[in-house]
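**Q** give the three-dimensional model of this entry:
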Amino acid sequence: MADAARSSLSLGSLTLMIFTRVRSMLGIVVASAVTIVASSIVIAVSFLGKHELATSLIHSWARACLKVFGIGVSVHGEESLPAVGGGIVVFNHQSLFDIPVLMVSTAKNIRFGAKIELFKLPIFGAAMRACGTLPIARENRAEVLKIYKAAEIRFKRNTLFVLAPEGTRQKEPAIGKFKKGPFLFAINAGVPIIPVVLKGTHAVLPKKTMHINVGRLYREIKVEYLPAISTKGLTPIDVDGIVEKTRADMVAVYERTPIDYDP
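**A** Here you go, the predicted model:
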């Protein structure tokens, strides 16, 4: 009896593994096609100045990409985002799926920073530039700060820039060291910093693999926005303290957030 149960369980696990691997491969094809179509439309509507429509399209693209791979999102603390005005949202970066997850976490006008190499991609790169994604040259700090300075005017249009202070995706499901750039951006612009913690994206798609959500029919990503940190009255001299506080707050939330982590 026990042997039969184990055999049935093994067969079920094998079937699930095969199904989700096939889903992953087909999903990549579907998501790529959706990305090309969505990018083309975003380029067109952005050229016409329809920025709200571009935001709506980006949100729809993100929802479609998540649904294809059986990924859901649970959001807490969205009220921490400013009702009026812009800000800098900083997140822990562990997966390529961090971007669509954050896009569906709020209907607000959010734009990302992305490594400059991605802007060379056909269609997708042009779409990122058209919709206002910030090109980040990670090895050129002076150029990054220049980009940040030029973008400050967009806070008046209620833009929230979402940036990864770790600078790149982490190899392990943990929060890495923070760089100062996003925090200097916020201090110089006088806008709030809103930390947000993601948990579960590493299990969906770790760095250096293309197996997406394999072994699970459905996986829920947890997103928690922390209380905003004001930068009023601060100067660049204060940046180290803000970096330390923000990272400590995010690590505390990350470590207490339960998740069914089954890679």
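**Q** hey, let's count contacts and neighbours off CA atoms from now on
**A** Will do.
**Q** test my guess that Thr201 contacts Ile221.
**A** Yes: judged on CA atoms under 8 Å, Thr201 makes contact with Ile221 at a distance of 6.3 Å.
**Q** so between the two, which is more surrounded?
**A** Thr201 (25 against 22; other CA atoms under 10 Å).
**Q** OK, contacts around that one?
**A** 94-95, 97-98, 221 (CA atoms under 8 Å, 6 or more residues apart in numbering).
**Q** check Thr20 too.
**A** 213-217.
**Q** the same query, at a cut-off of 7 Å, please.
**A** Listed by CA atoms under 7 Å, 6 or more residues apart in numbering, the contact partners of Thr20 are 214-217.
**Q** I'd like to know which of those residues are buried.
**A** Those of these that meet the buried threshold are 214-216, by 16 or more other CA atoms under 10 Å.
**Q** I'd like those residues laid out as CSV, including distance to Lys108 and secondary structure.
**A** Putting the buried ones among the contacts of Thr20 into CSV (distance: CA to CA, whole Å; DSSP: H, G, I helix; E, B strand; the rest coil) gives the following:
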residue, distance to Lys108, secondary structure
Val214, 31, coil
Gly215, 33, coil
Arg216, 30, coil
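**Q** any idea of the mean pLDDT in stretch 20-33?
**A** Taken as a whole, stretch 20-33 has an average pLDDT of 95.
**Q** pull the distance from that stretch to the chain's centre.
**A** Put simply, stretch 20-33 sits 20 Å off its chain's centre (CA atoms, centre = their mean, to the nearest Å).
**Q** in that stretch, what's buried?
**A** Under 16+ other CA under 10 Å, the buried positions of stretch 20-33 are 20-21, 23-24, 27-28, 31.
**Q** nice, that's everything, thank you.
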